[in-house]
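Participant: sequence-free structure coming up:
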């Protein structure tokens, strides 16, 4: 029911900002709506009827109770219907009013081989006190920037590298938005960024080893007949970074790789590199690493204490180490240390040869540096195993088995091996009693008679 308040309901506004202030161009429609809202209850009171509570409902829920005896029933229906149409028109106008015009004078300019300055002007149709944002987005999906639109002219610097884009050019878009979550509330303006030389892959396997005061970089040229020039600096779009561009003035060759020492002190920032010839160019971020850590191995009781030497760069508390060992040519076992702790313990078998390798890795909270695995470091020797215990464990059961077998065989042939010997006392007793017959209690030895051949003797005369 109407309570005498002539202000608009709270659910009519999309936010707490007054409608006239948010959309100055909708003032005429809003003024008409306010007039109808105020006058309509006054018309009911003038006709002697109870003022009605006016609310906005969807068209399918609009219910109007018409009094057949009241000549003002048609008038109230017409006013309510007109009020509903007016609300719909204001809502539609409000939705279109959020589509801001795009920025103007959007252009780009190269500041150095890595940095492009983007510049644009705020739309002239928007007042200076209108709160808006400008959202910029380029071809690489990770390149996006949101800028608050409180000024008239703007300049933003971004790094662009040829390794980030496959096509020849970059396309950069910019929107005028109410906030950076609604990106397509207006038509974008765009600019095309082109390199001053055609892009080409001039080197491969470009990597740098970081020391405290120098970075030793090496690469393999794609075409050794081309003369390459290398420029480098820390990545960034600030003026200090742009002015720090340096040239590799003392390149040298080691085997198949070309090398150069970059005179940069260690920093957590990436290193941007430009390699160019007379006809082409290539820009990229150098792949950095640190030298593999050196290992110190000590015997402590039944354990080996393995310690890694921290790299020259970065805080010691930022490093963690992966130590791999292989005892007696068995499977390799790897173990990670705690952050800032360079020492681990490994159970030690003195009869085994241990092979160790390690690499360093910086914590994600410090930087993204790491190292390759170090050369293999050995400790101990492979000794032949002591076979005494093994021989005893085999010989003793074998001897016992043989003894048992011999005992069994002897028991079965005990009569042959151990014959019954007659009792001599019985023989002497019978002899003393005068017995002519000898009673033998057991079998005596009976000699076998020998065969005697008869001899024939013949006499011969002397004359013969």
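Facilitator: Sure, I can see it. If you're wondering where the values come from, they're calculated on a predicted model, not measured in any experiment.

Participant: only C-alpha atoms from now on, for both contacts and neighbour counts.
Facilitator: Fine.

Participant: just give the closest residue to residue 227, not the sequence neighbours.
Facilitator: Computed as CA to CA, 6 or more residues apart in numbering, the closest residue to residue 227 that is not its neighbour in sequence is residue 277, at 6.3 Å.

Participant: and if you look at residue 232?
Facilitator: Using CA to CA, 6+ apart, the closest residue to residue 232 is residue 273 (4.5 Å).

Participant: contacts only, for the one you found.
Facilitator: 230, 231, 232, 233, 283, 284, 285, 286 (CA atoms under 8 Å, 6 or more residues apart in numbering).

Participant: helix, strand or coil for it?
Facilitator: strand (DSSP: H, G, I helix; E, B strand; the rest coil).

Participant: check residue 241 too.
Facilitator: Under three-state DSSP, residue 241 comes out as helix.

Participant: help me confirm that it comes into contact with residue 269.
Facilitator: No - using CA atoms under 8 Å, residue 241 is not in contact with residue 269; the gap is 10.7 Å.

Participant: shared neighbours of the two, which are they?
Facilitator: With CA under 8 Å, 6+ apart, residue 241 and residue 269 have common neighbours 234, 235.

Participant: could you point out which element follows whichever strand or helix holds residue 284?
Facilitator: Using DSSP states H and E, residue 284 sits within strand 281-285. Counting by DSSP H and E, the next helix or strand C-terminal to strand 281-285 is strand 287-289.

Participant: avg pLDDT for that next one?
Facilitator: The predicted model gives strand 287-289 an average pLDDT of 93.

Participant: flag every buried residue along stretch 308-322.
Facilitator: Residues 308, 310, 311, 314, 316, 318, 319, 320, 321, 322 are the ones in stretch 308-322 that count as buried (16 or more other CA atoms under 10 Å).

Participant: first-to-last residue distance for it?
Facilitator: Start-to-end span of stretch 308-322 (CA to CA, to the nearest Å) is 10 Å.

Participant: just stretch 111-123 next, same as before
Facilitator: 26 Å.

Participant: please apply the same query to stretch 105-122.
Facilitator: End-to-end for stretch 105-122, by CA to CA: 9 Å.

Participant: so what pairs up with the residue nearest to residue 232 in the strands?
Facilitator: residue 232, residue 284 (DSSP bridges).

Participant: distance of it from residue 282?
Facilitator: 8 Å.

Participant: who's in contact with the spatially closest residue to residue 195 that is not a sequence neighbour?
Facilitator: In this structure, residue 195 finds its nearest non-sequential neighbour in residue 169, 7.1 Å apart by CA to CA, 6+ apart. By CA under 8 Å, 6+ apart, the contact set of residue 169 is 192, 193, 194, 195.

Participant: any weak-confidence spans in the stretch 101-250 of the chain?
Facilitator: 128-129, 139-143, 166-167, 182-186 (pLDDT under 70).

Participant: ranges for the strands of it?
Facilitator: 104-110, 115-121, 133-137, 144-148, 153-159, 169-177, 189-194, 203-210, 215-221, 229-234, 246-247 (DSSP state E, counting those that start in this stretch).

Participant: now do the longest one against strand 189-194, angle only.
Facilitator: What it means is strand 169-177. Relative orientation of strand 169-177 and strand 189-194, computed by axes from the mean of the first three to the mean of the last three CA atoms, to 10 degrees: 160 degrees.
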